[in-house]
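*Asks:* Give me a model of this one.
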Amino acid sequence: MAIITDLSGKTAVITGSNSGIGLGVARELARAGANVVLNSYTDTPENHALAAAIVAEHGVSARYISADMSKGDEARGLIETVGTCDILINNAGIQHVAPIEDFPAAKWDAIIAINLSSAFHTTAMALPLMRKAGWGRVINIASAHGLTASPFKSAYVAAKHGIVGMTKTVALETAQEPITANAICPGYVLTPLVEAQIPDTMEKYDMSREDVIKNVMLKRQPSKEFATVEQMGGTVAFLCSAAAEQITGTTISVDGGWTAL
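*Replies:* Have a look, this model is predicted:
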C-alpha cells in the first residue's frame, strides 16, 4: 500500500489510535516520515509501548497521550499538550445499537460527544497551529453511515453525517490557505474489534466464518471483502500528499461499493 509521500518533519495527531484504524493510520504516517501522537482515554504501559514500537520501526518521534474525547477540555488539551499539529486525524469513536425509543440518552450524548464534538474541539485548536506552520491537513474518519443510514444507529449516523458537514465547513474556511479538510467514509474494516465479533456471530447464526463474513457482516458491502487498516492508512497518506493539494471538502469512500447501491 505504499504511497510516495514524504511527511518528514510533520507532526500528526491521531485520536482513538491505540488500535484498529487509528493505529493503522499512525503506522502508515510514520512510515512516510511523520512524527506521530497516539491517543486514547486509557493510560497503560501497553499504550506507551505502541508508540515505542513505532519509534523502533520507523525512526520517527512517537508518543502516547491520554485524553478522554468525550470531554471537550481534554480534546482541546490534547492539541495544546502536543504544541504543534500539521496533520489532524479525528478518528475516535464509539457505537451503540438500539431503536430510537429505547436508545439511552446517556449513550446518545456519549456518541455525539466522542464521534462529533471532539473533532470540533481538536480542529478548533489545531487550525491556528496549521496556519502558523503554513500547511495543514484535517482528515476526519467518518463512515459509510456519514452518507447513508441503517436502522437502530441513530446517534452514530447523526454524528457521522455531522462530521461530513463539519468537514465541508472547515474546507471552505481554509480554501484559500495551504490547508485541506476531507472525510474518509469506510465501510466495514477488519480491525481487532471486528475480528473478535466473528466467532460469536458464527455461533449465533450457525454459519461458517466465510458465510458470516459475506452474508451477515458484509451484507451491505458489495465487494464482500473487508477494507484493511493498511488501506485506510494509505488513503490518509494520499490525502497528505502533494497530489491531493486541491482535494478539499469532500468524502472518499473506502466501502467496497456500499454507497454505490
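
*Asks:* Give me the outermost residue of the protein relative to its centroid.
*Replies:* residue 206 (32.6 Å; CA atoms, centre = their mean).

*Asks:* Quick check, pLDDT for that one.
*Replies:* According to the prediction, residue 206 has pLDDT 96.

*Asks:* where's it relative to residue 17, distance?
*Replies:* Separation of residue 206 from residue 17 (CB to CB, to the nearest Å): 36 Å. Placement of C-beta: from N, CA and C, glycine included.

*Asks:* So for this structure, the centremost residue is which one?
*Replies:* Closest residue to the average C-alpha location of the chain: residue 91 at 2.7 Å, with CA atoms, centre = their mean.

*Asks:* Could you give the backbone dihedrals for that one?
*Replies:* Main-chain dihedrals, residue 91, degrees, to the nearest 10: phi -120, psi -20.

*Asks:* Looks like it contacts residue 25 (just checking).
*Replies:* Yes. At 6.8 Å, residue 91 and residue 25 qualify as touching, with contact defined as CB atoms under 8 Å.

*Asks:* any residues in contact with both of the two?
*Replies:* Counting by CB atoms under 8 Å, 6 or more residues apart in numbering, the shared contacts of residue 91 and residue 25 are 14, 17, 141.

*Asks:* from these, which is closest to residue 127?
*Replies:* The shortest approach to residue 127 among those belongs to residue 14, at 16.9 Å (CB to CB).

*Asks:* Provide a list of residues in contact with that closest one.
*Replies:* Counting by CB under 8 Å, 6+ apart, residue 14 has contacts 22, 25-26, 29, 36-39, 89, 91.

*Asks:* same deal with residue 10?
*Replies:* Contacts of residue 10 were listed using CB under 8 Å, 6+ apart, and they are 33-35, 86-87, 135, 240.

*Asks:* And it, how close does it get to residue 60?
*Replies:* Residue 10 is 10 Å from residue 60, by CB to CB.

*Asks:* what do these two both touch?
*Replies:* Residues touching both residue 10 and residue 60 (CB under 8 Å, 6+ apart) are 33-35.

*Asks:* In PyMOL, how would I select the buried members of the residues you listed?
*Replies:* Buried residues among these (16 or more other CB atoms under 10 Å), as a PyMOL selection:
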select buried, resi 34+35
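
*Asks:* could you dump the shared contacts of residue 10 and residue 60 to JSON lines with secondary structure, distance to residue 193 and pLDDT?
*Replies:* Compiled in JSON lines, these are given as follows (DSSP: H, G, I helix; E, B strand; the rest coil; distance: CB to CB, whole Å; pLDDT from 0 to 100):
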{"residue": "33", "secondary structure": "coil", "distance to residue 193": "29", "pLDDT": "97"}
{"residue": "34", "secondary structure": "coil", "distance to residue 193": "25", "pLDDT": "98"}
{"residue": "35", "secondary structure": "strand", "distance to residue 193": "27", "pLDDT": "98"}
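
*Asks:* All set, thanks.
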